[in-house]
Each structure stands twice: as C-alpha cells, then as structure tokens.
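Participant: I'd like to go over a predicted model; first the sequence, then the structure.
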Amino acid sequence: MGAGTDMEMRQQVFVRRRIAVLAVACALVGAVVVTALAATHGPSSPRHVADTTTIPSARRSERAAVGSSKGYLAPGSDPSVLPASVLIADRSNDRLIEVSPAGKVVWQFPRPGDLAPGETFKVPDDAFFTPDGKQVVATEEDDFVVSLIDIARHRIVWRYGTPGVSGADANQLANPDDAVMLQDGTVLTADINNCRVVLLRQGSNVPIRVWGKPYHCHHLAEPMRFGSPNGAFPLPNGHFLVTEITHNWVSEIDLMANPPKILWDVHPFSVHYPSDSNEVRPGVFITVDFWHPGIVEEFDATGKVLWFYKPLGADALNHPSLAEALPNGDVLLTDDDNDRVIVVDPKTNTVVWQYGHLGAPGTNPGSLNDPDGLDLAPPYSFAARTFHG
C-alpha cells in the first residue's frame, strides 16, 4: 500500500470523535437484544447513596470540597459490585474525576488554581494510575499531549507533546491514546495518526523507542507497521496487546524482542472499530466496538468469542471506548456518547451500576459528558494488576 493510499485510509478510519450519526449498513451477526435495568433509560434525577468507601489518605482532605456527603448513582445501582473507586476521563468536561462505588466524587483534576499560568488541560480521553498509585497518566488525544499528574499535589509534573500541535518531530504526537506507565517509569503510548507506538522517558524530548512509521499505516510484521493503533497495553508476561483501527486488528506482540515479534493476531468478530483491547485473564481478552450500536466482546487468541454484550434499541451502547473486567467477573466500561460509565453483569447481561445519565451530558454531581477512559483505583488499577498481580 502506497503512502497516498495510507493517508486516505487514515482519514477514513482515524477520526473517532464527534461523529453525530454512523450509518450501519447491515445488522451484526448474532446480535442479542438485552433488557438493561431501569437505570439505562436515563433517570431524570440521581439516587442518593450513603458513601462508606475507604478513600486513600492523599484524597481524604478533598471530600468536603469536591462533593456532598451523598453519592449519585442511577436507580438500581449496586455499589457492592465495585471493589474500589473509579477514575474517569470526563473528556468533554475537560476533567478527571474519581468516583466512589457509592457515586461520590472523591478527587478531581483540575480544580480552580490547579493549572499553572498558561497551562491547559483539554479533552482527556484516557487516564491510568501509575504502578505506585501516586500519579495519573492522562492522554489528551485531540490536544496531542500526554500529561503526568501528581495526585496529592494536583499538579502536572511532566508532559510530552506540544498542546494543539500535531506532528512526529521532537516533542510532538499525533493523537496519542492510552498512555500507560511501565514499571521502570517510562511511558508507552499508541500514537494513532502517526501509525506508531512510542516509548517516552521523562527528560527526553524524543521517544527513546519507536515501533511503526508515519504514513506507513498498515498491519505488517516485518518491518513492524501499524494501521492507526489506538491502544498498546502491557501484559503480565512482558508482551503487549496492540489494537489497530485500520482493518480491525488485535495482536499480542513482543515489542522488546529484536526484531519485535507478533505472537498472534485476530480480527475481533463483528467489530467495526476495535478500541483499547486488554487482558481479562491469561488467554482471555476484551475489546469494545467504538460504534453505534456498540459491542463489548471477550475472545481468545484464536478470535473465538467467549462472551459479548450488544443491547439494541433504547439500551444500545453508543461508541463505547474501553472495558475492563472486574475481580468479580463483571465488566466496567465507558459508554461514551451515552454520557455514562456502567458495570455489566455477564451472567445476566444487565447493567448493575451506572454513573451518569443516558444521553444527558452535564457537569453537576452524577453527570458526565462523553466519558472516554477509566481505571480502577489501586490496588485494583490496571498497572497494579499487570505488574503486581
């Protein structure tokens, strides 16, 4: 595929934001109509829930300043399904919030005064705790930067990328996605529109390692190329799970091998636009279809579907972007364009917890606006589960 064709393909498949309507030409094979709990119909007022969650000491002092003494959840939500609070990248509200299982906001960034003069924090679409749980790595995809935020100090302590400037030169990214900190303190991120995965180190204004190449936007093992990767998640075995938008690839790759090696790659079944695939447990993986109606799907390394969730009609998912399995087997996910974060019980395919109102964006307690990323608080965070078991 030539460079011109690659650019056309990237323009067709890359732009993932603010699509008001996507026309689906045919029904997906094996679609299942699921009746979700009453909360999925967008309650007009949130339920108040007493908050008994234990909050890490770094955030206890904020309880009175950030939220009321009550939590805000959709009716029918069960706080017991969550083992810890949830960090949410509330994209179109330009903020990160941490919400307890009872629906109380226990931490927020930025608050008034948190940003230095001239500093911005725009459209955060993903946020993950660092391995030590003291910082958060936030990806501001459409502002082209990755930021490291100190939780206790409420300060951006490091940033890679130039806000508002897309590129592949020094200190530039082109729509980074799902940046995560590795055990050695480096930060790995997919760089979607540069069709590469990069490894960043504090103090360096260029990536210390690069896989893929701008304008060579297709899935290829040798030399390694990526078709608009939107996630590169570390696995406990030292490999990485890479998701590519172009032609719908999910691959397990040993990026640190010389040369890098693809262990397996599949096209998730019935998925138009795979997003942010990650591991559920050894040999089992989860992805979502950034589409309307959306899908959440668990599969193995052969592509065999082990479980999927695809409600239709009023309960349909609208561009979900990230799902993570919970310790109890439930699934936590962002339902982006429905302005909510939900937990689904795979045994019944019903929504058992919801923060946010279906299709009703807002900034008030209990409301979200295009939530695009999430992570559980330590010790259940993605980094803690990956690196510390």
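Facilitator: Good, I have the coordinates.
Participant: rest of the way, CA atoms for contacts and neighbours
Facilitator: Fine.
Participant: could I get the buried residue list for stretch 87-101?
Facilitator: 87-101 (16 or more other C-alpha atoms under 10 Å).
Participant: do the same with stretch 263-277
Facilitator: Here stretch 263-277 shows 265-277 as buried, counting by 16+ other C-alpha under 10 Å.
Participant: before we move on, what about stretch 139-158?
Facilitator: Using 16+ other C-alpha under 10 Å as the test for burial, stretch 139-158 gives 139-151, 154-156.
Participant: cool, stretch 100-118 as well?
Facilitator: Buried, per 16+ other C-alpha under 10 Å, within stretch 100-118: S100, P101, A102, G103, K104, V105, V106, W107, Q108, F109, P110.
Participant: correct me, but the third one touches L82?
Facilitator: No: contact status for A102 versus L82: not in contact, 9.1 Å apart, counting by C-alpha atoms under 8 Å.
Participant: quick check, nearest of the buried residues of stretch 139-158 to G71?
Facilitator: Among those, I151 lies closest to G71 (C-alpha to C-alpha), at 21.4 Å.
Participant: related to what we said a few turns ago, which ones among the buried residues of stretch 100-118 lie within strands?
Facilitator: Using DSSP state E, the members of those that fall in strands are V105, V106, W107, Q108, F109.
Participant: tell me who's in contact with the fourth one.
Facilitator: Translated: Q108. V66, R95, L96, I97, E98 (C-alpha atoms under 8 Å, 6 or more residues apart in numbering).
Participant: state the distance from it to F290.
Facilitator: Per C-alpha to C-alpha, to the nearest Å, Q108 is found 26 Å from F290.
Participant: could you check the pLDDT of P43?
Facilitator: What the model reports as pLDDT for P43 is 36.
Participant: please apply the same query to the one 5 residues further on.
Facilitator: Here the pLDDT value assigned to H48 is 37.
Participant: ok so, going back, which of the buried residues of stretch 87-101 fall in strands?
Facilitator: Members of those lying in strands (criterion: DSSP E): L87, I88, A89, D90, R95, L96, I97, E98, V99.
Participant: pretty sure D142 sits in a strand.
Facilitator: No: the assignment for D142, made by DSSP: H, G, I helix; E, B strand; the rest coil, is helix rather than a strand.
Participant: which residues does the nearest residue to it once chain neighbours are set aside contact?
Facilitator: Nearest residue to D142, sequence neighbours excluded (C-alpha to C-alpha, 6 or more residues apart in numbering): N175, at 5.6 Å. Shown in contact with N175 (C-alpha under 8 Å, 6+ apart): E140, E141, D142, D143, F144, V145, S166, D191, I192, N193, N194.
Participant: if we go to 7 Å?
Facilitator: By C-alpha atoms under 7 Å, 6 or more residues apart in numbering, N175 lies in contact with E141, D142, F144, D191, I192, N193.
Participant: would you check that the fifth one makes contact with S228?
Facilitator: Yes: contact criterion C-alpha atoms under 7 Å: I192 and S228 qualify, at 4.6 Å.
Participant: more neighbours: these two, which one.
Facilitator: S228 (33 against 27; other C-alpha atoms under 10 Å).
Participant: that one and F285: what is the separation?
Facilitator: S228 sits 20 Å away from F285, taking C-alpha to C-alpha as the criterion.
Participant: A360 now?
Facilitator: When distance is defined by C-alpha to C-alpha, A360 is 31 Å away from F285.
Participant: between those two, which is the more surrounded one?
Facilitator: Neighbours were counted for A360 and for F285 using other C-alpha under 10 Å; F285 has more, 22 against 17.
Participant: three-state assignment of the more buried one?
Facilitator: With three-state DSSP as the basis, F285 sits in strand.
Participant: next up, the contacts around it.
Facilitator: S277, N278, E279, E298, F299, D300.
Participant: which one is it nearest to, not counting chain neighbours?
Facilitator: Nearest residue to F285 in three dimensions, chain neighbours excluded: E279, at 4.3 Å (C-alpha to C-alpha, 6+ apart).
Participant: surely the one you found forms part of a strand?
Facilitator: Yes: judged by three-state DSSP, E279 forms part of a strand.
Participant: I286 is in contact with that one, correct?
Facilitator: Yes: using C-alpha under 7 Å, E279 is in contact with I286, at 6.2 Å.
Participant: and the two? Which one has more around it.
Facilitator: Neighbour comparison, E279 and I286: the larger count goes to I286, with 27 against 23 (by other C-alpha under 10 Å).
Participant: run through the residues that contact that one.
Facilitator: By C-alpha under 7 Å, 6+ apart, the contact set of I286 is S277, N278, E279, V280, E297, E298, F299.
Participant: the helices in the stretch 251-389 of the chain, which residues?
Facilitator: Using DSSP state H, counting those that start in this stretch, the helices assigned to the stretch 251-389 of the chain run over residues 382-388.
Participant: any stretches of it with poor pLDDT?
Facilitator: Within the stretch 251-389 of the chain, no stretch has pLDDT under 70.
Participant: quick one, strands of it?
Facilitator: Counting by DSSP state E, counting those that start in this stretch, the stretch 251-389 of the chain has strands at residues 261-266, 274-281, 284-289, 295-299, 305-309, 320-325, 331-335, 340-345, 350-356, 371-376.
Participant: in TSV: those, plus distance to R385.
Facilitator: Shown next, in TSV, are the strands of the stretch 251-389 of the chain (distance: least, C-alpha to C-alpha, whole Å):
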stretch	distance to R385
strand 261-266	22
strand 274-281	10
strand 284-289	14
strand 295-299	18
strand 305-309	22
strand 320-325	11
strand 331-335	15
strand 340-345	19
strand 350-356	22
strand 371-376	10
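Participant: and of those, who's closest to G76?
Facilitator: Across the strands of the stretch 251-389 of the chain, G76 has its closest neighbour in strand 350-356 (7.0 Å, C-alpha to C-alpha).
Participant: so what does that closest one touch, helix or strand wise?
Facilitator: strand 340-345 (3 or more C-alpha pairs under 7 Å, 6 or more residues apart in numbering; DSSP states H and E).
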